[in-house]
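Trainee: Build me a structure from this.
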Amino acid sequence: MSDILLTSIVPESLDGQRFDQALAKLFEQYSREILKNQIVLGRAHLNNISAKPRAKVHEGDVLTLATAEITLVENTIIPQKIEFEIVSETLDFVIVNKPAGLVVHPGAGNHDRTLANGLVEKYPELSMLPRAGLVHRIDKDTSGLLLVARQQHSYTSLSESMAARKIKRVYEAVVNGVPISGGTVNAPIARDHRQRTKMRIAPSGRHAVSHFTILEKFRRHSLLEVRLETGRTHQIRVHMSSLGHTLVGDTTYGARPIVPKNCDENLKDTIRTFTRQALHAKQLEFCYPLPDQLQTFTANPPDDFVHLISELRCDVQRQAT
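Mentor: A predicted model of the protein is given here:
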């Protein structure tokens with residue numbers, strides 16, 4: 001297989017960082033272990049020259065990654081018929097509305113029956129792209145929009161836009177408790193060294209920023225809109241938990257069913273049986289083709305999310321009468 005070169009320009013925010021760290025942030029679709037191997041093999045370049053992992057990069061430097069060997073290893077995705085909604089489809093990209101409960105990409109414990117398997121079945125050309133063209137991910141039990149590139153040139157362009165934080169991602173979340181006001185959480189996130197499936201706030205973690213506003217207040221819950229400035233694993237879940245406002249249903253980060261006093265049985269049952277984090281990726285906005293053709297896509301939350309909000313509203317109305 002001939003090499004495909006992915007190229008990215010070092011932004012101001014990465015000026016002065018190590019070569020291996022900059023690669024990890026600009027090519028997030030690949031694991032750090034894979035990128036480390038590519039550096040050792042001389043297949044990752046800084047300004048067209050092989051570089052040591054500790055070499056410093058500067059704003060405007062060009063990082064290049066050869067992907068043929070990676071593609072051979074990573075793109076062994078079996079085409080399978082998987083149900084998911086296509087919000088928009090062009091020759092260069094696809095917008096998918098992923099249902100809750102569907103894993104995005106094969107991994108440990110989920111070798112097939114993922115969204116990526118379904119994408120390769122529907123769009124065979126994606127078998128030639130890293131991660132089946134997926135530009136980013138959302139958690140298994142989070143619903144909502146995902147951006148998938150269909151061509152190498154669009155994959156490179158959109159991945160660079162994502163790394164440069166030029167793709168706007170907006171979520172809706174139902175959380176326990178009622179924040180006084182909206183705000184911003186600026187707290188680095190790292191993997192939990194005790195439970196590797198969890199993340200935590202740690203000074204040694206990766207820069208992470210979430211902005212949130214309150215859309216609606218209930219008696220003991222709130223509907224929030226959260227805009228990601230960065231996109232770390234479990235970012236919204238970790239950040240909101242750090243404020244004491246865990247997402248409804250998110251037992252991984254300590255959520256427990258919170259039932260308002262004197263509420264009816266319907267709300268009690270809805271809250272106690274909501275067994276996933278109440279999180280929905282509702283909007284994607286980006287420019288493509290660059291630099292100025294703005295693309296905006298939205299998706300309504302799934303039925304379980306809508307039902308939860310409806311019951312919380314009804315509870316407020318009952319208490320007011």
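Trainee: Now for L91, how many residues are close by?
Mentor: Using other Cβ atoms under 10 Å, L91 has 8 neighbouring residues. Where you see a C-beta, it was placed from the backbone N, CA and C, and this is true even at glycine.
Trainee: Am I right that it falls within a helix?
Mentor: No: read with DSSP: H, G, I helix; E, B strand; the rest coil, L91 is coil and lies in no helix.
Trainee: And the pLDDT for it?
Mentor: If you check L91, the pLDDT there is 95.
Trainee: Please apply the same query to A68.
Mentor: Per-residue confidence at A68 stands at 57 (pLDDT).
Trainee: V94 now?
Mentor: For V94, the predicted pLDDT is 98.
Trainee: One more: Q29?
Mentor: 66.
Trainee: if I read this right, V94 contacts V148, doesn't it?
Mentor: Yes: contact status for V94 versus V148: in contact at 4.5 Å, counting by Cβ atoms under 8 Å.
Trainee: who touches both of the two?
Mentor: Here V94 and V148 have L119, Y123, G133 as joint contacts, going by Cβ atoms under 8 Å, 6 or more residues apart in numbering.
Trainee: Looking at those, spot the one nearest G16.
Mentor: G133 (32.1 Å; Cβ to Cβ).
Trainee: Which of V94 and V148 has more residues huddled nearby?
Mentor: Comparing V94 with V148 by other Cβ under 10 Å, the one with more neighbours is V148, at 25 against 20.
Trainee: circling back: how about TSV for the shared contacts of V94 and V148, with distance to R43 and neighbour count added?
Mentor: As requested, these are exported to TSV (distance: Cβ to Cβ, whole Å; neighbours: other Cβ atoms under 10 Å):
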residue	distance to R43	neighbour count
L119	26	29
Y123	27	18
G133	21	26
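Trainee: out of those residues, which are inside helices?
Mentor: Residues of the shared contacts of V94 and V148 located in helices (DSSP state H): L119.
Trainee: Which of the shared contacts of V94 and V148 sits closest to R318?
Mentor: Of all the shared contacts of V94 and V148, R318 sits closest to L119, with 44.3 Å by Cβ to Cβ.
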